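**Student:** Structure for this input, please:
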Amino acid sequence: MFSLTYDRAKSALFLVAMLGLMSGLGFFAADRPDAATLAWRTGVVPVLIALVVEIIRSLWRGEVGLDIVAALSMSAALVFGETLAASVVSVMYSGGTFLESFAEGRAKREMSALLSRVPGTATRHANGTLEDVELDEIEPGNLLLIHQGAVVPADGYIDSEHAILDKSALTGESMPVQLGRGEEALSGSTNAGEAFDLHVRHRATDSTYAGIVRLVEAAQASKAPMSRLADRYSMLFLAVTIALATAAWWFTGDPVRAVAVLVVATPCPLILAVPVALVAGLSRAAHFGVLIKGAKPLEALAQIGTLVLDKTGTLTDGRPQIVSTEVHNGMSDDEVLYFAAALEQASKHPMAQAIVTAARRKGVMLPVPDHVIERPGEGISGTVSGRLVTVGGVAFVNQQVGATAVASRIMNVGTVVVALAVDNKIAGYITMADALRTGTAELISNLRRLGIGRIVLATGDRRAVAENITSGIGLDAVRSELTPDQKVLLVVAERKNGPVMMVGDGVNDAPALAAADIGVAMGARGAAASAEAADIVLLVDHLDRLLPGIEIAKRSRRIAMESVVAGIGMSVVGMMAAALGFITPVQGAIIQEMIDVAVILNSMRALGIKPQIGQENAA
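**Tutor:** Take a look at the predicted model:
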C-alpha cells in the first residue's frame, strides 16, 4: 500500500512540475511575466520539498546521491530569480523519478498468485464424517484426508497402508516416493497416488512449508537495495560541481554564474537515461521469455560471476521419462510400449502417465483396457486386446507371473525399472529416469562464454544420483542432499567468488533464490513460492533462456554506462562554459535538455538488442 501511494506521489509531482512549466510559458507568451514567474515557482516548490525530504532520508541511511545537485540548482535558481531554469530542472528531475518508479512497478505487477501452493483448506475426519476446515483450525492429533493431487497442508504421519508423495518441490527428489503407515509426510508435498489419511504432527504455521515461506521473507528482508548507477559517481561529481560554482561566484562576484553552473550540472540525463536503457533491457528480455522484476536485478544480472543450479526441474526435466527399453520373449520395443501404455491408462501414477504420454507422442493408438485391478504403488493388471497384461515394479510382476519371471534387475543410480508381463511371461523392462535436459553441456559452455566463471549444482537428491546425472557436463562442483537452509548457506559461501545467481523451480529453492544476489525461478512449472522469491522468472521452461537474459543485461548495462559517462562528460564541459560566463542559466537549462535528448537516444538503443550466444537453442 505504501509503495502504491509513493508511486502516485511521484506521478503527481511530475504532473505539477509539467503544468507549472507549460502554464508559465503560456503566461510569458501572453506578456504576463509576473504570472509566468508565479506559475514556474508553483511547479518547482512541491518538487523541491519532496526532493529535500528524500535527500534527508538518504543521508540518514548514509547514502549520498546526485539528487543534492538537483536540489541545489533548483534552490539557487529560485533565490536568484531564474525561475524558468528552475522549472525546467524540476520537470526533468520529477520526470526521471516517475519513469524509474513506473518501470520497476510494471515489472513487479507481472507476478500474480503469490505463494499459490499454500492450500486454502483441508479435509478433516470428525465423528465419522468429513469436514472442510481452514488451515488455522488444524491441530496436532487431527486426522486429515489428503485427496489425490492435493498438497499436504501440515507435517504428519501416514495413517493409511501407503501413500505416494511427490516431494520434488521440497527435497529435490525427482521421483515420487511410496511411504508406509507411520512414516512422516512433509507439508508442501503433493499426493501423487490415491487418497490417504494423515495424522497431524504440527500446526500448519509450524510445519515445513510455512518455515520455508518464512525463510523466503527473512532472506528478502536482509537483501540490501542497489544504488542507481549514477549515484556511484555522485561524490566526485558533486565535489566538482560545488567547486566550479563556488569558484565562478568567488572570482566574478556574480551569483548567476553559479546558478548557471548548477543548472548545467543537474544530473537529469543520468536519472533519465539510466532507467531508459535498463527498462529497454527489461522489455527485450521479456521478448525472449525472461521476466526480470525491475532495473536493479537487470543491472545485477550483468555482473554475475557464480551460478548455483538446482537439479530437478532445472538441469533435468523434473518428470520421469523413458530412457531405455529391454525386450523379452519375442516382443518388440513398440509392442512393449503398446501393451504397457494401454494398461497404464487406467492408473494415475506419475510413471504410468509418463508411459502413456510417450506412447501418444509416437502416435500409438491405445485400446481401452478391461478387467483392471490396481495395487497402488506396486502395479496394475488387466486385459489389453484380449491378452493378460501386468505392469509395475519388478517384484510385483515377478509375484504375478511366478516362476517364469526374471529374478531381479540391476538398476542404474537414479532410475526406476518398470516390468511388463504379457500372458504370464516377461515381455520387457522399461527404464525410467528424470533425465538431463537436451543440450545441457552446450548450455554450460555458453554460460562460461558470457562470463560465468563458476557453476555449482545444489540438490536435495542423493549424491550418487546427482553425480551420475551431471557427469561430463563441465560443472565446477556438485553439492547434494541439501536441505533448504543448507542451500542458503551454500549461496552465502559462494559469494567469496563474486556475486551469485541461483536457479531453481521448487519450494525448497525459494530461500536460496531470495538469499542470492540474483534468484532465477523456472516459472513455467515451478512453485509460486520460488517465483515470488526470485528476481527473475523464466517464462518458458527452458534453462537456455538464461543466455539471452544475461546477454541483454550485459549490453543494456553497457549502454547505460555509456549514457552515464557521456552525460557527465557533456555536463562538465557545460559547467566550465557556464563558469566562464558563456552560458546563462536559461541557456544552461536548454543545453541540459539537449544533453538529455542525446543520452536518452543512446539509451534507447537497448530496445534493438539482438542476443547472439545460444540463440540456435533458444529458438
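**Student:** mind checking which helix or strand residue 537 is in?
**Tutor:** Using DSSP states H and E, residue 537 sits within strand 536-538.
**Student:** Now do that strand: distance to the chain's middle.
**Tutor:** Distance, stretch centre to chain centre, for strand 536-538: 4 Å (C-alpha atoms, centre = their mean, to the nearest Å).
**Student:** Past that strand, which element shows up next along the chain?
**Tutor:** helix 546-579.
**Student:** Next, the buried residues of that following helix.
**Tutor:** Neighbour-count burial for helix 546-579, counted by 16 or more other C-beta atoms under 10 Å, picks out 546-557, 559-564, 566-568, 570-572, 574-579. (Glycine included, C-beta is placed from N, CA and C.)
**Student:** can you tell me the average pLDDT over the next helix or strand after it?
**Tutor:** With elements assigned by DSSP H and E, the helix or strand that comes after helix 546-579 is helix 585-603. For helix 585-603, mean pLDDT rounds to 78.
**Student:** Stretch 88-96 now?
**Tutor:** Here the average pLDDT along stretch 88-96 is 78.
**Student:** Mind listing residues that contact it?
**Tutor:** Counting by C-beta atoms under 8 Å, 6 or more residues apart in numbering, stretch 88-96 makes contact with 10, 13-14, 16-18, 20-21, 43-44, 47-48, 51, 67, 70, 73-74, 77, 263, 266, 268, 271-272, 275, 589-590, 592-593, 596, all of which sit outside it.
**Student:** With only the CA atoms kept, save it in CSV.
**Tutor:** The C-alpha coordinates for stretch 88-96 follow below in CSV (Å, rounded to 0.1, in the frame of the first residue of the first chain):
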residue,chain,number,x,y,z
VAL,A,88,12.9,23.1,-16.5
VAL,A,89,15.1,21.3,-13.9
SER,A,90,12.1,20.3,-11.8
VAL,A,91,10.3,18.8,-14.8
MET,A,92,13.4,16.8,-15.8
TYR,A,93,14.0,15.6,-12.2
SER,A,94,10.4,14.6,-11.4
GLY,A,95,10.0,13.0,-14.8
GLY,A,96,13.1,10.9,-14.2
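**Student:** so residue 418 sits right up against residue 396, yeah?
**Tutor:** No - if you go by C-beta atoms under 8 Å, residue 418 and residue 396 don't touch, sitting 10.0 Å apart.
**Student:** Looking at these two, which one has more neighbours?
**Tutor:** Taking neighbours as other C-beta atoms under 10 Å, residue 418 and residue 396 compare with residue 418 leading, 27 against 20.
**Student:** mind listing the strands for the stretch 1-150 of the chain?
**Tutor:** For the stretch 1-150 of the chain, applying DSSP state E, counting those that start in this stretch gives strands covering 121-126, 129-134, 143-146.
**Student:** Pick the most buried one from those strands.
**Tutor:** strand 143-146 (a mean of 20; mean count of other C-beta atoms under 10 Å).
**Student:** what does that strand rub up against?
**Tutor:** Taking C-beta under 8 Å, 6+ apart as the rule, strand 143-146 contacts 122-125, 130, 138, 152-154, 156, 159, 163, 185, 191, 195-200.
**Student:** re earlier: so which of the strands of the stretch 1-150 of the chain gets nearest residue 250?
**Tutor:** Residue 250 sits nearest to strand 129-134 of all these, at 72.0 Å, using C-beta to C-beta.
**Student:** what's the model's confidence in that closest one, averaged?
**Tutor:** 88.
**Student:** which residues touch that strand?
**Tutor:** By C-beta under 8 Å, 6+ apart, strand 129-134 touches 120, 121, 122, 123, 124, 145.
**Student:** Try it again at 10 Å.
**Tutor:** 120-126, 137, 139, 142, 144-145, 153, 204 (C-beta atoms under 10 Å, 6 or more residues apart in numbering).
**Student:** Could you report the pLDDT at residue 343?
**Tutor:** 93.
**Student:** Please give me every residue in contact with residue 558.
**Tutor:** For residue 558, the contact set (C-beta under 10 Å, 6+ apart) comprises 277, 302, 606.
**Student:** same check, this time on residue 177
**Tutor:** The contact partners of residue 177, by C-beta under 10 Å, 6+ apart, come to 163, 164, 165, 166, 167, 168, 171, 183, 185, 189, 192, 377.
**Student:** Next, count neighbours for residue 236.
**Tutor:** Neighbour count of residue 236, defined by other C-beta under 10 Å: 10.
**Student:** While we're on it, how confident is the model there?
**Tutor:** 73.
**Student:** Figure out the helix or strand that it lives in.
**Tutor:** helix 234-252.
**Student:** and what of residue 510?
**Tutor:** Element membership for residue 510, per DSSP H and E: helix 510-515.
**Student:** ok, back up a step: in strands only, show me the contacts of residue 177.
**Tutor:** Among the contacts of residue 177, the members found in strands (DSSP state E) are 163, 164, 165, 166, 185.
**Student:** Closest one to residue 285 out of those residues, please.
**Tutor:** Nearest to residue 285 among the ones in strands among the contacts of residue 177: residue 166, at 31.2 Å, using C-beta to C-beta.
**Student:** That closest one touches residue 175, doesn't it?
**Tutor:** Yes - between residue 166 and residue 175 there is a contact under C-beta atoms under 10 Å: 8.6 Å.
**Student:** which residues are in contact with both of these two?
**Tutor:** Contact criterion C-beta under 10 Å, 6+ apart; residues shared by residue 166 and residue 175: 192, 350.
**Student:** Do I have it right that residue 486 meets residue 509?
**Tutor:** No - using C-beta under 10 Å, residue 486 is not in contact with residue 509; the gap is 11.9 Å.
**Student:** So which of the two has more stuff around it?
**Tutor:** residue 509 (39 against 15).
**Student:** Kindly provide the distance from that one to residue 534.
**Tutor:** With the distance defined as C-beta to C-beta, to the nearest Å, residue 509 ends up 9 Å from residue 534.
**Student:** which residues touch the closest residue to residue 396 other than its chain neighbours?
**Tutor:** Excluding the flanking residues, the one nearest residue 396 by C-beta to C-beta, 6 or more residues apart in numbering is residue 379, at 3.8 Å. When contacts are counted by C-beta under 10 Å, 6+ apart, residue 379 touches 343-344, 347, 349, 352, 373, 390-397, 399-400, 418-421.
**Student:** how does it look with 8 Å?
**Tutor:** Counted by C-beta under 8 Å, 6+ apart, residue 379 has contacts 390, 391, 392, 393, 396, 397, 400.
**Student:** And it, its phi and psi?
**Tutor:** For residue 379, the backbone dihedrals (degrees, to the nearest 10) come out as phi 170, psi -170.
**Student:** Also residue 422?
**Tutor:** Dihedral angles for residue 422 - degrees, to the nearest 10 - are phi -130, psi 120.
**Student:** what ranges do the strands span in the stretch 351-500 of the chain?
**Tutor:** Using DSSP E, counting those that start in this stretch, the strands assigned to the stretch 351-500 of the chain run over residues 370-375, 379-384, 387-393, 415-422, 425-433, 454-458, 477-479, 500-504.
**Student:** Partner strands of the third one and their direction?
**Tutor:** Meaning strand 387-393. strand 379-384 (antiparallel), strand 415-422 (antiparallel) (DSSP bridges).
**Student:** out of these, which comes closest to residue 329?
**Tutor:** Nearest of the strands paired with strand 387-393 (C-beta to C-beta): strand 415-422, 7.9 Å.
**Student:** Centre of the chain to that closest one, how far?
**Tutor:** 38 Å.
**Student:** Can you give me the neighbour number for residue 193?
**Tutor:** 23.
**Student:** Please list all residues in contact with it.
**Tutor:** With C-beta under 8 Å, 6+ apart, residue 193 has these contacts: 148, 162, 163, 164, 165, 176, 178, 348, 349, 376, 377.
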